[in-house]
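S.K.: pasted the sequence and its predicted model underneath.
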Amino acid sequence: MSMLQTSIAKHQDISRDVGGAAARLGVVDMPDLAYTPAVARETAALYERVRDHIPAIEWPVFAPYIHAINRLKKERGAVILAHNYQTPEIFHCVSDIVGDSLQLAREASDVDADIIIQCGVHFMAETSKLLNPDKTILIPDLKAGCSLSESITGADVRLLKEVNPGVPVVTYVNTSAEVKAETDICCTSSNALAVIESLDSDTVFCIPDEYLAQNIAKQTSKTILTWKGHCEVHERFTADELLAYKESDPRIQIIGHPECHPDVIAVCDFSGSTAGMIDYVKTERPSKVLLVTECSMASNVEAETPGVEFVKPCNLCPHMKRITLPKILDSLVHLKEEVTIDLQIAARARLAVERMIDLGK
């Protein structure tokens, strides 16, 4: 008997208890979460995708949720969007569309579904709502926030514009709809330089990520004005830490995210958005690589690039990790938590996002 088969027997009773507890709590529509032989068969191909990242003994806990989510999303006519920082069981087993914030923003505008479930943080769900005002946008946990988004308010942007009249404002998509509404155009880490270069001004605000703005400033002749917002994941990496990895093994290629401090980017072999980092690994196929970003992404990329060895300093995003399989299922069963935006704010914020997307086209 294989380890996975042994785990089936061990976890069947646990799974039934989970389903029973849900029923006792009055969740009458909750699907059966028993790990049956049928569930094992129907999720076997999915397990093969993640077997190097999810121990066989844990699969009987995940599989019933994955099975129920994939069945229910079809019944609901729902599409699941997942950011690259989601855990492997979400990224590889229940998502329909995956990518970085720009990819998800573009895909959200083309999704042919009545319900979109955003497996990411709140600003991403708001962006999907901006681009799909007539669709139901759900996020499995409304508390899935973002340190960058929370570093600035719409009032802050209005004051910046008042003090600096005529200076265009480029706002990172990692912001609330209220902030986007005060913005000339949005950007992501993958298109920030192109957005800034498209503006007819020698001075531009690039907010709120200070390090992204500083890294972009090195690539343009324009004067870039910044805001002291930081990603709590990327700001923890240091150049000394990465140099120590290099000294331990010169084969390691270090691939950094531009939300890191400029000193960190200076010691990287390549820097780019999460999508750019993934493309680099898949194209260049380094023998050994360290991704300087949220650590779940390394596991997701590793599953798709056999033969590439990953070094994994693990900086987790606590907000991304609020999204779990049980919460996704609960969101599907009860159609919660719905993301709504004030109509006047949404109309203005949508323009900034659409300008960014149109520039890409």
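M.R.: That came through, no problem.
S.K.: for the residue positioned nearest the centre of the chain, grab phi and psi.
M.R.: Residue closest to the mean C-alpha point of the chain, counted by CA atoms, centre = their mean, is His83 at 2.9 Å. Reported as degrees, to the nearest 10, the phi and psi values for His83 are phi -80, psi 160.
S.K.: I'd assumed Ala105 was in contact with it.
M.R.: No - applying CB atoms under 8 Å, one finds His83 not in contact with Ala105, separated by 11.0 Å. Backbone N, C-alpha and C define where each C-beta goes, glycine included.
S.K.: what residues are shared contacts of those two?
M.R.: Met124 (CB atoms under 8 Å, 6 or more residues apart in numbering).
S.K.: which SS class is Leu329?
M.R.: helix (DSSP: H, G, I helix; E, B strand; the rest coil).
S.K.: what about it, distance to Arg236?
M.R.: 32 Å (CB to CB, to the nearest Å).
S.K.: domain-wise, how is this structure divided?
M.R.: Structurally, the chain divides into domains by automatic domain parsing as follows: 3-144+320-334, 149-232+342-360, 234-311.
S.K.: mind checking the SS state of Ala38?
M.R.: Per three-state DSSP, Ala38 ends up helix.
S.K.: who touches it in this structure?
M.R.: Contacts of Ala38 by CB under 8 Å, 6+ apart: none found.
S.K.: rewinding a little: in terms of neighbours, single out the busier of Leu329 and Arg236.
M.R.: Neighbour count, other CB atoms under 10 Å: between Leu329 and Arg236, Leu329 has more, with 24 against 14.
S.K.: pLDDT wise, what is the more buried one at?
M.R.: On pLDDT, Leu329 comes in at 97.
S.K.: same check, this time on Ile357
M.R.: Confidence score, pLDDT, at Ile357: 88.
S.K.: please name the nearest non-neighbouring residue to it.
M.R.: Arg106 (6.0 Å; CB to CB, 6 or more residues apart in numbering).
S.K.: tally of neighbours for that neighbour?
M.R.: 16.
S.K.: what strand or helix carries it?
M.R.: helix 101-110 (DSSP states H and E).
S.K.: so in that sheet, which strands flank the next helix or strand after that helix, and in what orientation?
M.R.: Using DSSP H and E, the helix or strand that directly follows helix 101-110 along the chain is strand 115-119. Sheet pairing of strand 115-119 (DSSP bridges) gives strand 78-83 (parallel), strand 136-138 (parallel).
S.K.: which of those sits closest to Ser248?
M.R.: Distance to Ser248, taken as CB to CB, is lowest for strand 78-83 among these, at 30.4 Å.
S.K.: which residues are contacting the closest one?
M.R.: Residues contacting strand 78-83 (CB under 8 Å, 6+ apart): 69, 72-73, 90-91, 94-101, 104, 107-108, 111, 113-121, 124, 128, 138, 274, 320, 328, 332.
S.K.: strands along the stretch 151-300 of the chain, start to end?
M.R.: Ranges of strands in the stretch 151-300 of the chain, per DSSP state E, counting those that start in this stretch, are 169-172, 185-187, 203-207, 223-225, 253-256, 270-271, 288-292.
S.K.: need the ones you listed in JSON lines (columns: distance to Glu232, mean neighbour count and mean pLDDT).
M.R.: Shown next, in JSON lines, are these (distance: least, CB to CB, whole Å; neighbours: other CB atoms under 10 Å; pLDDT from 0 to 100):
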{"stretch": "strand 169-172", "distance to Glu232": "15", "mean neighbour count": "26", "mean pLDDT": "97"}
{"stretch": "strand 185-187", "distance to Glu232": "20", "mean neighbour count": "27", "mean pLDDT": "96"}
{"stretch": "strand 203-207", "distance to Glu232": "17", "mean neighbour count": "23", "mean pLDDT": "98"}
{"stretch": "strand 223-225", "distance to Glu232": "22", "mean neighbour count": "16", "mean pLDDT": "98"}
{"stretch": "strand 253-256", "distance to Glu232": "16", "mean neighbour count": "23", "mean pLDDT": "97"}
{"stretch": "strand 270-271", "distance to Glu232": "19", "mean neighbour count": "18", "mean pLDDT": "96"}
{"stretch": "strand 288-292", "distance to Glu232": "14", "mean neighbour count": "23", "mean pLDDT": "97"}
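S.K.: let's have those in CSV, adding distance to Asn300.
M.R.: Formatted as CSV, the strands of the stretch 151-300 of the chain follow (distance: least, CB to CB, whole Å):
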stretch, distance to Asn300
strand 169-172, 22
strand 185-187, 24
strand 203-207, 28
strand 223-225, 32
strand 253-256, 14
strand 270-271, 18
strand 288-292, 10
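S.K.: for Leu46, which of those strands is the nearest?
M.R.: Of all the strands of the stretch 151-300 of the chain, strand 288-292 comes closest under CB to CB, at 23.6 Å.
S.K.: strand partners (parallel or antiparallel) of that closest one?
M.R.: Per DSSP bridges, strand 288-292 is paired in its sheet with strand 253-256 (parallel), strand 309-311 (parallel).
S.K.: perfect, that will be all.
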